[in-house]
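Student: could you work out the structure for the sequence below:
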Amino acid sequence: MWYGPAILWLALVAQNDIVQRGLEALEAHKYQEAAEYFAQAVQKDPEDFAALFHLALAHSLLGKDEQAIAEYQRVLELKPGLYEAQLNLGIILLRQKRPQQALPFLQAAAAARPEQARAQTHLGLALLEIGQLADAEKALAVAVRLDPGSPLAHLGLARALARQSRLDEAEPHFRKAAALDPGFQDALWELAAQYEQAGRKAEAIAIYRQFPEELGARERLGQLLLESGQAAEAVPHLEWAVRRSPTVANRAALALAYARSGDAAKAIEQLGQTLKENPQEVELRLMLGRLLRDQKRYAEAAGEFLRYVEARPDSIEGWNELAAMLISLEQYSQALEALERIRALGGEGPGHHYLRAIVLDKIRDLKGALASYQAFLASSQGKYPDEEFKARQRVRVIEKELRRR
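Tutor: Next up is the predicted model:
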């Protein structure tokens with residue numbers, strides 16, 4: 001809010017003991033006390049725009065924005081064009097996420113004092129909020145020129161440029177905002193997020209590395225390294241994140257990093273413990289089942305896939321995995337039930353015909369096996385040459401055997 005020497009200037013308009021006490025309370029940051037004094041002054045003289053201005057200021061500093069908005073509007077009725085009231089009213093409306101309403105007041109303030117960086121900054125921010133990016137850039141560039149030490153102006157300009165897909169121009173302003181004020185360190189995280197959105201993961205990774213003690217940064221660093229194919233390097237960052245925040249997401253990411261870096265045992269252990277503590281996270285069962293399958297622990301894998309389809313009975317993916325494991329375990333009747341479920345769900349393809357043929361062949365249902373091999377050959381269309389060769393061989397053998405019967 002506008003606050004400082006202007007208070008004394010405005011106070012001259014309606015100087016009295018009550019207003020003076022209000023000003024002293026305001027200077028001492030006793031905002032409730034100040035509001036009470038200014039309210040008394042306004043009650044005595046409803047036309048005293050200076051007292052009303054300070055009442056609005058006190059209310060805004062107390063977070064009573066709706067009262068402050070009404071009071072600033074009344075000030076502008078009494079004193080049209082008062083720069084300080086226009087600026088403060090615009091800032092409050094902007095803070096209330098009402099940029100369209102803030103815009104005319106901020107435009108008027110910026111036009112009245114074009115040399116004032118604060119008015120240009122908030123005008124630019126309002127324009128940014130309503131999507132007028134070129135105009136926002138123009139106002140914020142002026143603000144940065146007028147006040148190069150304003151982190152808010154630099155951050156606003158960075159956002160205006162980034163939203164116009166000019167990330168290389170935005171980058172120094174994100175960094176400047178963070179350098180000017182520790183409270184604006186999130187500007188670097190915002191820059192990293194912009195790099196991620198633009199597919200520039202290496203630059204995002206470089207930023208997150210600067211915050212080794214920040215949980216959010218280490219989480220994203222581990223995730224991005226994992227996504228970038230650097231699983232082994234991701235592991236220590238995700239281990240650190242899990243120690244600090246053992247969320248399901250962090251633990252799943254760590255398990256995936258273990259698996260991709262070749263440590264399946266740790267991946268399985270991590271997922272097993274996570275599921276023990278969070279049995280409702282059924283999607284992790286699919287991941288755990290596949291890890292167990294790849295380690296040829298078929299019975300355990302089948303158990304996980306079974307639990308998965310019990311929770312997700314319409315998942316063709318889950319039934320596929322279960323059917324394959326049941327066949328590997330030579331549990332043919334259960335495998336046929338799984339294949340029937342896939343057919344009922346409309347997910348049957350050439351591979352399923354082939355698996356069904358193998359199962360029926362194993363249990364000596366030769367007519368069923370022949371029909372399934374033929375269905376496979378009719379639908380595969382050369383996509384599976386090795387399996388097609390085997391299927392043709394079996395078709396010939398089965399046909400001969402059936403003719404001998």
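
Student: ok, Ser261 touching Ala231?
Tutor: Yes - taking contacts as CB atoms under 8 Å, Ser261 lies within contact range of Ala231: 4.2 Å. C-beta here means a position set from N, CA and C on the backbone, and glycine is covered the same way.

Student: more neighbours, those two?
Tutor: Higher neighbour count among Ser261 and Ala231: Ala231, with 20 against 17, using other CB atoms under 10 Å.

Student: got the phi and psi for the more buried one?
Tutor: With angles defined as degrees, to the nearest 10, Ala231 sits at phi -60, psi -40.

Student: can you check Pro46 too?
Tutor: phi -60, psi -10.

Student: got a pLDDT number for it?
Tutor: On pLDDT, Pro46 comes in at 92.

Student: burial count for the closest residue to it other than its chain neighbours?
Tutor: Spatial nearest neighbour of Pro46, excluding adjacent residues (CB to CB, 6 or more residues apart in numbering): Leu52 at 7.9 Å. Neighbourhood size, Leu52 [other CB under 10 Å]: 25.

Student: what of the one 3 residues further on?
Tutor: When neighbours are defined as other CB under 10 Å, Leu55 has 27 of them.

Student: pretty sure it contacts Arg74?
Tutor: No - the pair Leu55 and Arg74 does not pass the contact test of CB under 8 Å, sitting 9.6 Å apart.

Student: who are the contact partners of Ala302?
Tutor: Ala302 makes contacts with 289, 322, 325-326, 329, 331, as judged by CB atoms under 8 Å, 6 or more residues apart in numbering.

Student: my guess is the residue nearest to Pro46 contacts Val42. True?
Tutor: Yes - the criterion here is CB under 8 Å, and Leu52 meets it with Val42 at 5.3 Å.

Student: with just CA atoms, put stretch 265-283 into CSV.
Tutor: Extracted as CSV, the C-alpha positions of stretch 265-283 are listed here (Å, rounded to 0.1, in the frame of the first residue of the first chain):
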residue,chain,number,x,y,z
ALA,A,265,15.8,-56.8,-5.1
LYS,A,266,15.6,-53.3,-3.6
ALA,A,267,12.8,-52.3,-5.9
ILE,A,268,10.8,-55.3,-4.8
GLU,A,269,11.5,-54.6,-1.2
GLN,A,270,10.5,-51.0,-1.5
LEU,A,271,7.2,-51.8,-3.3
GLY,A,272,6.4,-54.6,-0.9
GLN,A,273,6.8,-52.4,2.1
THR,A,274,4.9,-49.6,0.5
LEU,A,275,2.0,-51.9,-0.3
LYS,A,276,2.1,-53.4,3.2
GLU,A,277,1.5,-49.9,4.6
ASN,A,278,-0.8,-48.7,1.8
PRO,A,279,-2.7,-51.7,0.5
GLN,A,280,-5.2,-49.5,-1.3
GLU,A,281,-2.5,-48.4,-3.8
VAL,A,282,-3.4,-51.2,-6.2
GLU,A,283,-1.6,-49.7,-9.2
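
Student: give the rounded mean pLDDT of it.
Tutor: Computed over stretch 265-283, the mean pLDDT rounds to 96.

Student: tell me how far it lies from the chain's centre.
Tutor: What separates the centre of stretch 265-283 from the centre of its chain is 24 Å, taken as CA atoms, centre = their mean, to the nearest Å.

Student: what's in contact with it?
Tutor: Taking CB under 8 Å, 6+ apart as the rule, stretch 265-283 contacts 248, 251-252, 254-256, 258-259, 284-285, 287-288, 291-292, 295, 307-308, 311-312.
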